[in-house]
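In: Fold the following, please.
(one chain, ligands or ions: 2)
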Amino acid sequence: MTVPVRYELLHRCKDTAARRGRVHTPHGVIETPVFMPVGTQATVKTMAPWELSELGAKIILSNTYHLHLRPGEDIVKRGGGLHGFMNWSGAVLTDSGGFQVFSLSELRKITDEGVAFRSHIDGSPRFFSPESVMGIENALGADIIMQLDECPPYPASREYLRTSLDRTLAWAKRCKQAHARPDEQALFGIVQGGEHLDLRREAAEALVDLDLPGYAIGGLSVGEPKPLMYEVLAYTTPFLPADKPRYLMGVGSPDDLFEGVERGVDMFDCVLPTRIARNGTIFTSKGKLVLKNARYREDFSPIDEDCDCRVCKTFTRAYIRHLLKAEEVLGIRLTSYHNIHFLLDLMEKMRKSIEENRFLAFKREFYNSYGYTGQ
Ligand SMILES: COC(=O)c1ccc(CCNc2nc3cc4nc(N)[nH]c(=O)c4cc3[nH]2)cc1
Ligand SMILES: [Zn+2]
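Out: Ligands and ions are numbered 1, 2, ... in the order given. Here you go, the predicted structure:
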């Protein structure tokens, strides 16, 4: 059987578990480590696909839960799948909906069979099973699709984590069984287990036995202390195959990206850069900056003097602050564009630093400039 997604290891860092590689997909090659902008409802909010291409994005996320509810996978399929519907020529990854059900919908009930919930849009009763979610993701046509899983709340009892993990592992098998297009869409398993390292090991080994084309680490970035997330990551990645992609879900901020790469993660996604952009907060090489602040009212410098993106070369802080205060749509488009550029550019610099065996030096340099006091 041909696999639609293949990981190519190019270089291992001498001092850490960081690695430089490539994920080959039916819609292009993705240089890793990579940050994937989130396009929940088949659009990275405020960005046109040609702007994402201009920014160098090679893969974006969309969401099974949202697109099932609206416009429905049938319309997306008839529109040419996600690629045709949004006219995006790069790769797409769809999250399976489990996490979104628990963060968005009311009246949800989880059983071994699946999860019953009500649509957050019209309250209609819905049901996700591994089989039904695979049908939706097969119709949406993403290059990488996630299994239906349960992302347990944090904190959760060991007893709850045990039951939940057994369910997620059973659902992984059912997803693999139900997946109609394994030659065209790569099904990734999701490692759960909460903060319990023995459960994490059991989850990783059970999923590796399924011989899937890639593996995600879930159940993190859900409010746990950062040191705990880093500890779970450091423990878990070595149990995942070195010749498959490793994807940390829902991460994130610049420090978490560094810490994840350092512990062997290849792929990341987070709503953070685009969500904070919409409230006027931007990343700069010297830390975050809240543009609506009065101090920028007459500041005619670029939003980030060290950034070479089109926004920083064209507009001033005073102008973009004005747009944001006037609620002009262009304002959040410009902050979104810059924040996505910032993270994509950061990942490119990380990839280069790994190739040149100076990842930790680059990390220290970035932390000092950004103002992180971390390790
Ligand atoms: C301004 O910033 C924000 O609004 C903001 C919001 C959410 C996150 C964290 C998102 N974290 C997260 N997303 C996740 C998505 C997941 N999907 C599946 N299927 N399974 C998981 O186990 C899972 C865990 C996650 N953890 C980070 C930032
Ligand atoms: Zn910029």
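In: Averaged over its residues, which helix or strand of the protein has the lowest pLDDT?
Out: Least confident helix or strand of the chain, by mean pLDDT, DSSP states H and E, is strand 106-110 with a mean of 88.
In: what's in contact with that strand?
Out: 101-102, 115-118, 120, 123, 150, 167 (C-beta atoms under 8 Å, 6 or more residues apart in numbering). In short, each C-beta sits where N, CA and C put it, glycine included.
In: Inside strands: which ones of those residues?
Out: If you go by DSSP state E, the contacts of strand 106-110 have 115-118 in strands.
In: from those residues, which would you call buried?
Out: Buried members of the ones in strands among the contacts of strand 106-110, scored by 16 or more other C-beta atoms under 10 Å, are 115-117.
In: mind putting these in JSON lines, distance to Ser353 and pLDDT included?
Out: Shown next, in JSON lines, are those (distance: C-beta to C-beta, whole Å; pLDDT from 0 to 100):
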{"residue": "Val115", "distance to Ser353": "41", "pLDDT": "97"}
{"residue": "Ala116", "distance to Ser353": "47", "pLDDT": "96"}
{"residue": "Phe117", "distance to Ser353": "43", "pLDDT": "96"}
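In: who's in contact with Ser301?
Out: By C-beta under 8 Å, 6+ apart, the contact set of Ser301 is 316-317.
In: can you confirm it is in a helix?
Out: No: counting by DSSP: H, G, I helix; E, B strand; the rest coil, Ser301 is not found in a helix; it is coil.
In: before we move on, which element is Arg174 in?
Out: helix 158-178 (DSSP states H and E).
In: and after that helix, which helix or strand comes next?
Out: Downstream of helix 158-178, the first helix or strand assigned by DSSP H and E is strand 186-191.
In: which residues does Ala116 form a beta bridge with?
Out: Note on Ala116: beta-bridge partners by DSSP bridges are Lys109, Phe127.
In: Hmm, it is touching Arg126, no?
Out: Yes: at 7.3 Å, Ala116 counts as touching Arg126 under the criterion of C-beta atoms under 8 Å.
In: hmm, the biggest helix by length in the chain touching ligand 2?
Out: The longest helix of the chain (DSSP state H) is helix 329-355. Yes: counting by C-beta under 5 Å from the ion, ligand 2 is contacted by helix 329-355 at His338.
In: ok now that helix, how far from the chain's centre?
Out: Averaging C-alpha positions (C-alpha atoms, centre = their mean, to the nearest Å) puts helix 329-355 14 Å from its chain's average.
In: now the angle from the helix or strand that comes right after it to helix 329-355?
Out: Sequence-wise, the next helix or strand downstream of helix 329-355 (DSSP H and E) is helix 359-370. In terms of direction (axes from the mean of the first three to the mean of the last three C-alpha atoms, to 10 degrees), helix 359-370 departs from helix 329-355 by 150 degrees.
In: What are the contacting residues of helix 359-370?
Out: Helix 359-370 is touched from outside by 13, 15-16, 18, 254-255, 258, 261-262, 285-287, 346, 349-350, 353, 372-374, with contacts defined as C-beta under 8 Å, 6+ apart.
In: Contact residues of the stretch 51-200 of the chain facing ligand 2?
Out: Residues of the stretch 51-200 of the chain lying near ligand 2 (C-beta under 5 Å from the ion): none found.
In: Please report phi then psi for the most centrally placed residue in the chain.
Out: Central residue of the chain (C-alpha atoms, centre = their mean): Asp269, 1.7 Å from the mean position. Backbone torsions of Asp269, given as degrees, to the nearest 10, read phi -150, psi 150.
In: Over to Leu93?
Out: Dihedral angles (degrees, to the nearest 10) for Leu93: phi -120, psi 130.
In: ok, now which ones touch the closest residue to it other than its chain neighbours?
Out: Spatial nearest neighbour of Leu93, chain neighbours left out: Ile144 (4.1 Å); criterion: C-beta to C-beta, 6 or more residues apart in numbering. Shown in contact with Ile144 (C-beta under 8 Å, 6+ apart): 5, 25, 59, 91-94, 185-186, 188, 214.
In: Good, wrapping up.
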